[in-house]
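J.: what shape does this take:
(chains A and B)
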Amino acid sequence: SAVISQKPSRDICQRGTSLTIQCQVDSQVTMMFWYRQQPGQSLTLIATANQGSEATYESGFVIDKFPISRPNLTFSTLTVSNMSPEDSSIYLCSVALGQGYNEQFFGPGTRLTVL
Amino acid sequence: AQSVAQPEDQVNVAEGNPLTVKCTYSVSGNPYLFWYVQYPNRGLQFLLKYITGDNLVKGSYGFEAEFNKSQTSFHLKKPSALVSDSALYFCAVRDDYNYGQNFVFGPGTRLSVLP
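T.: This is a model prediction of the structure:
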């Protein structure tokens, strides 16, 4: 398994500003993901962030809005840029481990409210 | 493309009674199936998975799930519900045909166990 922490756990931000969310893992992992969970909704994958390569974004998500860094095998950041109230969500990072990367573990999430 | 359906938004059950949370899926190849639970203000916690082998999978906290290939279902069950089981439950699928495909999550089912 993996222990994942996220900072901040929650934040309230003003429209037009940016917030960077940090994800720290207690072991070295190759595959890391960033998800968004809008209020009352399921999880939507934003991007896959593998160390040593550019992040791969899902349809509807772009690098200018959600830039991601993956400087090493234990850490990643997601920035939510030029925020609007529609960005109010829980943002979760996760890692995939095990044979075939079939074990996925999640961080506690960052609850973002944009006013 | 892979997809997951959870036909019930809400399931209510009395404490001590058996519970079932339904999940059906669609994949191109063989499915890898997962159940996660989300407690309020918490990240997702892994409950159990089906990769191959016995169709009845046992997981954490007394939960189990049965893989039914003909019905493309993976329903979550527990013989005797506890009030502490009240949470949001997500079914997820990964398609072994498209190795590298990410997890797809269902919309979630909110389970309420009444004392």
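
J.: okay, CA-based contacts and neighbour counts for the rest of this
T.: Fine.

J.: so which residues of chain A form strands?
T.: A:4-7, A:10-13, A:19-25, A:31-37, A:43-50, A:56-57, A:68-72, A:75-80, A:89-97, A:103-106, A:110-114 (DSSP state E).

J.: is it true that B:Gly108 touches B:Ala92?
T.: No. Under the criterion of C-alpha atoms under 8 Å, B:Gly108 makes no contact with B:Ala92, lying 9.6 Å away.

J.: which residues does the residue minimising distance to the centre of chain A contact?
T.: For chain A, the residue nearest the mean C-alpha position is A:Trp34 (3.2 Å; C-alpha atoms, centre = their mean). With contacts defined as C-alpha atoms under 8 Å, 6 or more residues apart in numbering or on different chains, the neighbours of A:Trp34 are A:45-49, A:78, A:91-94.

J.: quick check: closest non-adjacent residue to it.
T.: Nearest residue to A:Trp34 in three dimensions, chain neighbours excluded: A:Cys93, at 4.5 Å (C-alpha to C-alpha, 6 or more residues apart in numbering or on different chains).

J.: what score does B:Tyr97 have for pLDDT?
T.: If you check B:Tyr97, the pLDDT there is 60.

J.: also B:Ala92?
T.: 93.

J.: doesn't it belong to a helix?
T.: No. Assigned with DSSP: H, G, I helix; E, B strand; the rest coil, B:Ala92 falls outside any helix and is strand.

J.: okay, now it: neighbour count?
T.: Neighbours of B:Ala92 under the rule other C-alpha atoms under 10 Å in any protein chain shown: 28.

J.: who's in contact with the residue nearest to A:Trp34?
T.: A:Cys93 touches A:6, A:23, A:32-35, A:106-107, A:109, counting by C-alpha under 8 Å, 6+ apart.

J.: next one: A:Val62
T.: Counting by C-alpha under 8 Å, 6+ apart, A:Val62 makes contact with nothing.
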